[in-house]
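**Student:** take a look and give me a structure for this.
(chains A and B)
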Amino acid sequence: NAGVTQTPKFQVLKTGQSMTLQCAQDMNHNSMYWYRQDPGMGLRLIYYSASEGTTDKGEVPNGYNVSRLNKREFSLRLESAAPSQTSVYFCASIRLAGMNTGELFFGEGSRLTVL
Amino acid sequence: GQQVMQIPQYQHVQEGEDFTTYCNSSTTLSNIQWYKQRPGGHPVFLIQLVKSGEVKKQKRLTFQFGEAKKNSSLHITATQTTDVGTYFCADNSDYKLSFGAGTTVTVRA
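**Tutor:** Numbers count the residues shown, from 1 in each chain, chains lettered A, B, ... in the order given. Reported below is the predicted structural model:
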């Protein structure tokens, strides 16, 4: 099994450009997440999807949109990139959050630089 | 902001020594998870604690959940260079799965 697959792994954007980070999991998980990681800030939740058909804002949603395309896929879109969005982005999934149903599986991360 | 607070933010340890990192919450947690992230890598699940006062061990790592379920700790004995990385706790009480800021561990050989 591939687990959680994120694309692209690296991306450089100019301010104002848009892009979509793709994430797919093959573990039949219900809940999916997008986090960003900045030095000293830990993992901050951008958006999450508790189950197919639902999405909710996390701690730092401004400047982002998400789509839960189906049970497998959860994409993150930057409509107009800003230098403050330079970060490492992680997608993660879990069978069902909030329950004793196991662990979060993370993708390998997408390193985004906005110039 | 983050619901769970981790201290210390950085831990510099002499190889062979022990250390402890702490995770504290202002609210009662239904369960808490711990993850480790190696430099340049992604977080990897270590353990989940559910019961009040629960203690679990994985080789040199000991995890504890407080009696009031508002804090947790990770104690590493006889630190090795393989312990280098950032350790995160995560509140799995609801769908949000919020992480603490992490404790970054470096080891002096």
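
**Student:** when you work out contacts or count neighbours from here on, use the C-alpha atoms and nothing else.
**Tutor:** Noted.

**Student:** and the residue nearest to the spatial centre of chain A, how far from residue A:45?
**Tutor:** Geometric centre of chain A, nearest residue: residue A:34, 2.5 Å, by C-alpha atoms, centre = their mean. Separation of residue A:34 from residue A:45 (C-alpha to C-alpha, to the nearest Å): 6 Å.

**Student:** repeat for residue B:55
**Tutor:** 28 Å.

**Student:** who has more neighbours out of those two?
**Tutor:** Legend: neighbour count by other C-alpha atoms under 10 Å in any protein chain shown for residue B:55 and residue A:45, higher for residue A:45 (24 against 16).

**Student:** next SSE after the strand or helix carrying that one?
**Tutor:** Residue A:45 belongs to strand A:42-49 when assigned by DSSP states H and E. Downstream of strand A:42-49, the next assigned helix or strand under DSSP H and E is strand A:56-57.

**Student:** can I get the strand holding residue A:45 as CSV, trimmed to CA atoms?
**Tutor:** C-alpha atoms of strand A:42-49 as CSV (Å, rounded to 0.1, in the frame of the first residue of the first chain):
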residue,chain,number,x,y,z
GLY,A,42,4.7,22.8,15.1
LEU,A,43,1.9,21.4,13.0
ARG,A,44,-0.9,23.9,12.5
LEU,A,45,-4.2,22.6,11.1
ILE,A,46,-5.4,24.4,8.0
TYR,A,47,-8.5,22.4,7.1
TYR,A,48,-9.9,19.0,7.8
SER,A,49,-12.5,16.7,6.5
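
**Student:** pLDDT weak spots in chain A?
**Tutor:** Within chain A, the stretches with pLDDT under 70 are A:1, A:97-101.

**Student:** which positions in it make contact with chain B?
**Tutor:** Neighbours of chain B within chain A, by C-alpha under 8 Å from any C-alpha of the partner chain: A:31, A:40-45, A:48, A:50, A:58-59, A:90, A:97-100, A:102-109.

**Student:** look up how far chain A lies from residue B:46.
**Tutor:** 9 Å (C-alpha to the nearest C-alpha, to the nearest Å).

**Student:** still on that earlier bit, excluding its backbone neighbours, what's nearest the residue nearest to the centre of chain A?
**Tutor:** residue A:91 (4.6 Å; C-alpha to C-alpha, 6 or more residues apart in numbering or on different chains).

**Student:** surely the one you found is within a strand?
**Tutor:** Yes. Counting by DSSP: H, G, I helix; E, B strand; the rest coil, residue A:91 is part of a strand.

**Student:** and the lowest-mean-pLDDT helix or strand in chain B with chain A, contact?
**Tutor:** Least confident helix or strand of chain B, by mean pLDDT, DSSP states H and E, is strand B:98-99 with a mean of 89. Yes. Against chain A, strand B:98-99 shows contacts by C-alpha under 8 Å from any C-alpha at B:98, B:99.
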